[in-house]
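1. Below are the sequence and a predicted model for it; my questions follow.
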Amino acid sequence: MDFRMEFRPITVQPQKIEERSFQIINEEIGEHSFTEEQYPIVQRIIHASADFELGKSLLFHRDAVRAGVEAIRSGKAVVVDVQMVQVGINKSRIEKYGGSVNVYISDPDVVEEAKRLNTTRAIVAMRKAVKEAEGGIFAIGNAPTALLELIRLIKEGEARPGLVIGLPVGFVSAAESKAELAKLDVPFITNIGRKGGSTVTVAALNALSLLAERG
């Protein structure tokens, strides 16, 4: 392949690119306190973001990885806050166990109810989701209001998720929503600060489904 420039990539083979990327992550991450079961998720998030600061800011509930793997293997639903997260998830690894990946934010009834209540669609979508996905994985990467609403529903006993992946990005309520999640005694994966986003949420979910598949 002729790139018509002086620089040449080390390789253009996808598997070798990924392998080399993970070697670099392992070489550069330095000291960390993640457990053996948590570290593959941290790796995938750093791989997706090239951000070691974000990776090191991750927080795991003690049962997070086990609960996520069990939810996937049990065929529980995965609920995401926006289509961007849904698109990135490896659905075949979820569906092979009977699960599905669901997003409600654009459902007509959600849109109508949000207008009626003069609130965000993300909030109304969470209210709908918790009725249809008990014991499932809730993966929020974009909307802090979705995470805050889910936290409220958990506190009030209206939501019983198997795992919450709360990694929304932003300047308004993102860091605060994740700090609130970290106070709950439910399985969660989150991080400290404003960083996050759909890409890293997808990475966390895909890492969990790989762990579920590998046994």
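-> The structure has been received and is ready for your questions.
2. How about the contacts made by the nearest residue to K76 once chain neighbours are set aside?
-> Distances taken as Cβ to Cβ, 6 or more residues apart in numbering put G136 closest to K76, at 4.3 Å, once the chain neighbours are dropped. Heads up, the C-betas are built off the backbone N, CA and C, glycines and all. Going by Cβ atoms under 8 Å, 6 or more residues apart in numbering, G136 touches 71, 76-79, 99, 161-162.
3. you'd agree V202 is up against I89?
-> Yes: at 5.8 Å, V202 counts as touching I89 under the criterion of Cβ atoms under 8 Å.
4. neighbour count winner among the two?
-> More neighbours surround V202 than the other of V202 and I89, with 25 against 19 (other Cβ atoms under 10 Å).
5. Packing partners of the helix ranked longest in the chain?
-> In the chain, with assignment by DSSP state H, the single longest helix is helix 198-214. Helix 198-214 sits against helix 39-49, helix 64-73, helix 83-88, helix 91-95, strand 137-140, strand 163-166, with contacts defined as 3 or more Cβ pairs under 8 Å, 6 or more residues apart in numbering; DSSP states H and E.
6. And the contacts of that helix?
-> By Cβ under 8 Å, 6+ apart, the surrounding residues in contact with helix 198-214 are 37, 40-41, 43-45, 47-49, 54, 65, 68-69, 72-73, 78, 80, 82, 84-85, 88-90, 93-94, 96-97, 137, 139-142, 165, 167, 169, 189.
7. if we go to 7 Å?
-> Applying Cβ atoms under 7 Å, 6 or more residues apart in numbering, the external contacts of helix 198-214 come out as 40-41, 44-45, 47-49, 54, 65, 68-69, 72-73, 78, 82, 84-85, 88-90, 93-94, 139-142, 165, 167, 189.
8. what bits of this protein have low per-residue confidence?
-> For the chain, the stretches flagged by pLDDT under 70 are 1-12.
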